[in-house]
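[1] What follows is a protein structure lacking sequence information:
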């Protein structure tokens, strides 16, 4: 019984710590504006999509779907999908995840978040699980989030 109580307490403290880290990361988001360069696109729908992603940072929602974005843009899901593929040369999920990976990279490079867990950073960047975060991050950068963090924090320390 003592072990069970200890275990439940340990899990509760661990999850509380991750939630506190996520709250601090959210504060950082609101404190700093994303200064991504906006490319001029010929299609007004792509411009509106980029505005939602860059300005409103809706990609931080791990439950975000193409249907929700299509509704916001007043487009059909299939048209939005074709448009992203044609104009951007990638699938919708890859495009959305590119914003999430970029956000995670910013967190991982920031010394203020050096003590935060990789899981908290991945969740706050908009990924819905640790495995999804690791898979997409490694596919995008060729490194695991921990390798990326160590390389970039080492560069800042030198």
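    In hand now; what should we look at? These figures come from a predicted structure and were not determined experimentally.
[2] which helix is the longest one in the protein?
    The single longest helix within the chain, with elements called by DSSP state H, is helix 2-31.
[3] what's the burial count for residue 131?
    By the criterion of other C-beta atoms under 10 Å, residue 131 has 10 neighbours. Placement of C-beta: from N, CA and C, glycine included.
[4] check which helix or strand covers it.
    Per DSSP states H and E: residue 131 is located in helix 130-141.
[5] how about that helix: buried residues?
    Buried positions in helix 130-141, judged by neighbour count with 16 or more other C-beta atoms under 10 Å: 133-134, 136-137, 140.
[6] Mind giving me the packing neighbours of that helix?
    Using 3 or more C-beta pairs under 8 Å, 6 or more residues apart in numbering; DSSP states H and E, the elements in contact with helix 130-141 are helix 92-109, helix 118-124, helix 145-157.
[7] so which of these is the most packed in?
    Of all the helices and strands packed on helix 130-141, helix 118-124 has the most neighbours on average by mean count of other C-beta atoms under 10 Å, namely a mean of 22.
[8] What mean pLDDT does that helix get?
    Mean pLDDT, computed over helix 118-124, is 96.
[9] Over to stretch 52-67?
    What stretch 52-67 shows for mean pLDDT is 94.
[10] Check stretch 79-89 too.
    On average, stretch 79-89 scores 94.
[11] Buried residues in that stretch, which are they?
    Under 16+ other C-beta under 10 Å, the buried positions of stretch 79-89 are 80-81, 83-84, 88.
[12] circling back to that earlier point, would you mark the buried spots in the longest helix of the chain?
    Neighbour-count burial for helix 2-31, with 16+ other C-beta under 10 Å as criterion, is recorded at 18, 21-22, 25, 29.
[13] and that helix, what does it pack onto?
    helix 118-124.
[14] any idea how far residue 15 is from the closest residue to residue 143 other than its chain neighbours?
    Excluding its sequence neighbours, the residue lying closest to residue 143 (C-beta to C-beta, 6 or more residues apart in numbering) is residue 151, at 7.3 Å. Distance, residue 151 to residue 15, by C-beta to C-beta, to the nearest Å: 29 Å.
[15] Also residue 76?
    40 Å.
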